[in-house]
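Participant: give the three-dimensional model of this entry:
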Amino acid sequence: MKEEIVIENGATAPSWVKRVSWGAIFAGLFVTIVIQIMLTLLGVAVGLATVHPTQEQEPARGLAIGSAIWLVVSSLASIWIGSCVAGRLSGGPQRADGLLHGIVTWSVSTVAMLALMATSLGAALGGIGSLLASAVSGAESAPQSGIASLQQGVQELGQQGNLQPTGRSENENQANSLTSMAAQDPKLGAAVARMETQHSPEARERVISILTTQHGMEQSQAEDLVNQWDQQIQQTKAQVGQKVREFGEKAAHGLSKGALWGFVAMFLGLLTAAWGGWAGTASLPGRVVAVATPAA
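Facilitator: Numbers count the residues shown, from 1 in each chain. Take a look at the predicted model:
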């Protein structure tokens, strides 16, 4: 009988019952989070120290690009270190065990990050919802003043060149006069608001009737004033709708690019986590085993 010296790399004994070490995974998760926080703080310190607003034309753009690059690099570095720790502590008999532990560590850290983002987004949406509810309640309590303020805002935008009506200046002046009368006469303001929301002949006739009976206008003059008002409102709605469609198209393209780059970043994170787990298991010390073999 003679002995052969065999050097095995891996755990002291393979475990065929339990192949997952959640303690190693959570240890890798905590290491990943802490390393990410440290690298983020370092990036903020270096980035803000290198920004010179008085010397650069677009300092915010350069800061945004640098922040995105540093975020990707720091995320990959932190997930590699955390996965390496998880693979090293997993105690698996094979390198594939460490690789899988690294992937699971990356998956848990990704879910934790998404949960944190969802919580923050939910809080932000809750704040926006409360602001909208306050605005709606304020609008319901004072509809006439809200309509007048809206029309004044539209007029100011038109004067600044953001929304240029295509009608004649005389029509604009007459429409503006209806706006001022509606702001001063709550009854007329309510009738105008009802006309714009219902778009019914009865609501239109109600506005014309108030103009002729309470403001001393002739029937034809009141009809022309209402027609010009409605024309200006329709032009404004068309221009706003065009801007909304353009914004929606840009937003769709932006979301598409963001989703693509998000997929690329997650795929790189997956590969980095697998590499880190494999490297952690490969760093386990070898074990010397004496195997007795029959003599030749």
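Participant: quick one: the helices in this structure?
Facilitator: 22-50, 59-90, 95-141, 143-160, 169-184, 186-198, 201-214, 219-282 (DSSP state H).
Participant: make a markdown table out of those and add mean neighbour count and mean pLDDT.
Facilitator: Bear in mind the C-beta positions are built from the backbone N, C-alpha and C, glycine included. Below are these laid out as a markdown table (neighbours: other CB atoms under 10 Å; pLDDT from 0 to 100):
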| stretch | mean neighbour count | mean pLDDT |
| --- | --- | --- |
| helix 22-50 | 16 | 90 |
| helix 59-90 | 20 | 87 |
| helix 95-141 | 15 | 77 |
| helix 143-160 | 15 | 49 |
| helix 169-184 | 16 | 63 |
| helix 186-198 | 17 | 78 |
| helix 201-214 | 16 | 81 |
| helix 219-282 | 15 | 87 |
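Participant: ok, and the closest non-adjacent residue to residue 268?
Facilitator: residue 76 (6.2 Å; CB to CB, 6 or more residues apart in numbering).
Participant: show residues contacting stretch 259-270.
Facilitator: When contacts are defined by CB atoms under 8 Å, 6 or more residues apart in numbering, stretch 259-270 is touched by residues 72, 75-76, 79, 103, 106, 110.
Participant: pull the most distant pair out of the residues you listed.
Facilitator: Greatest spacing in those, by CB to CB: 72 and 103 (18.8 Å).
Participant: tally of neighbours for residue 91?
Facilitator: 22 (other CB atoms under 10 Å).
Participant: that one contacts residue 21, correct?
Facilitator: Yes - with contact defined as CB atoms under 8 Å, residue 91 reaches residue 21; the gap is 6.1 Å.
Participant: surely residue 185 is in contact with residue 211?
Facilitator: No - counting by CB under 8 Å, residue 185 stays clear of residue 211, with 9.7 Å between them.
Participant: distance of residue 201 relative to residue 192?
Facilitator: As judged by CB to CB, to the nearest Å, residue 201 and residue 192 stand 15 Å apart.
Participant: next: residue 265.
Facilitator: In terms of CB to CB, residue 265 sits 53 Å off from residue 192.
Participant: and if you look at residue 39?
Facilitator: For residue 39 relative to residue 192 (CB to CB), the value is 59 Å.
Participant: now do residue 71
Facilitator: 52 Å.
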